[in-house]
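S.K.: Any chance you could fold what I've pasted below:
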Amino acid sequence: MSTYRLASYNIRKCLGTDRQRAPGRIIEVINSLKADVVALQEVDLRLGPRPAALTRDTIISYSDFTPITIATSDVSLGWHGNSLLVRNGLTVLNTHRLEIPGLEPRGAIAADIETPDGLLRVVGTHLGLLRRYRLLQLQVIADALETLPPAPTAIMGDFNEWSNSGGMTPLHKDYHVHAPGRSFHAARPVAKLDRIALNSTAHLITAGVMQSGQAPLASDHLPVWADVRLSPPS
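M.R.: Next up is the predicted model:
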């Protein structure tokens, strides 16, 4: 049984803590994660047609990943700023877009990925700033996943939750939420905003936060990662 590394990274539209917008640094951090699947947040600029801050061509040219096809325009990389990168050699079978409620537009994306050990479902999201909306958003995500065939599942992203233990009620039935460590602010990490939730057939081996190399400069979030093993749904 293989181990798969899953990672989540809010790239802040490639704007670093030095106020320089440098997609190359983001690619360097992504490559250093040595992950199989990476959930990215804030991949597109906010204004106008939301052009990609980190382009598909850049990812394909300078990494071993391919972004899933999820955008609804020719200039964006993601859906509500969310994208999933899948390591070359793994096959994406299906993708899903989820509208989630909030004061500002939010979304979640999912991909069913074929691995040598069976299906793996990965969800990427960026939750709202207010807890009451985050709870609604998590409930919508959980309900949507229940309508899909069972599979080892990881929900990853910037959960925007400052509490170490609260704010995750909608996931408690079917998921264990892991906070790999303090990931924000990258220059001086104090909060575990970035999390990875696993269901009962995705088993955590180890997890952590990347703080080395360009990570403290490339974005205001540090990437988090988890190594998991899969077991078939019962």
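
S.K.: A strand includes Arg134, no?
M.R.: No - read with DSSP: H, G, I helix; E, B strand; the rest coil, Arg134 is helix and lies in no strand.

S.K.: Model confidence score at the closest residue to it other than its chain neighbours, please.
M.R.: Nearest residue to Arg134, sequence neighbours excluded (C-beta to C-beta, 6 or more residues apart in numbering): Leu127, at 4.5 Å. All C-beta atoms are positioned from the backbone trio N, CA, C, and that covers glycine. Here the pLDDT value assigned to Leu127 is 97.

S.K.: my guess is Leu127 meets Glu104, correct?
M.R.: No - in this structure Leu127 lies outside contact range of Glu104 using C-beta atoms under 8 Å: 11.3 Å.

S.K.: ok, the two, which is more surrounded?
M.R.: For the pair Leu127 and Glu104, the greater number of neighbours falls to Leu127 (26 against 9), based on other C-beta atoms under 10 Å.

S.K.: With adjacent residues omitted, what lies nearest to the residue positioned nearest the centre of the chain?
M.R.: What sits nearest the mean C-alpha location of the chain, by C-alpha atoms, centre = their mean, is Ala39, with 2.6 Å. Distances taken as C-beta to C-beta, 6+ apart put Gly124 closest to Ala39, at 3.3 Å, once the chain neighbours are dropped.

S.K.: Spit out the contact partners of the one you found.
M.R.: Counting by C-beta atoms under 8 Å, 6 or more residues apart in numbering, Gly124 touches Ser8, Ala39, Leu40, Gln41, Asn82, Ser83, Leu84, Ala108, Ile109, Ala110, Met156, Gly157.

S.K.: Tell me which residues touch the residue nearest to Arg134, please.
M.R.: Shown in contact with Leu127 (C-beta under 8 Å, 6+ apart): Arg106, Tyr133, Arg134, Gln137, Leu138, Gly157, Asp158, Phe159, Asn160, Glu161.

S.K.: Could you provide these in TSV, with additional columns for pLDDT?
M.R.: Shown next, in TSV, are these (pLDDT from 0 to 100):
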residue	pLDDT
Arg106	92
Tyr133	96
Arg134	97
Gln137	97
Leu138	98
Gly157	98
Asp158	98
Phe159	98
Asn160	97
Glu161	97
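
S.K.: Looking at the residues you listed, which is nearest Arg56?
M.R.: Looking at the contacts of Leu127 and their distance to Arg56, the nearest is Gly157, at 19.9 Å (C-beta to C-beta).

S.K.: would you say the closest one is within a helix?
M.R.: No - per three-state DSSP, Gly157 lies outside any helix segment and is strand.

S.K.: wait, isn't it in contact with Glu42?
M.R.: No - if you go by C-beta under 8 Å, Gly157 and Glu42 don't touch, sitting 10.4 Å apart.

S.K.: Spell out which residues are contacts of both of the two.
M.R.: Contacts common to Gly157 and Glu42, judged by C-beta under 8 Å, 6+ apart, are Asn10, His126.

S.K.: all strands of this structure, in order?
M.R.: Remark: strands assigned in the chain by DSSP state E are 4-10, 37-41, 65-67, 83-87, 91-100, 106-115, 118-126, 153-158, 175-178, 194-199, 202-209, 224-230.
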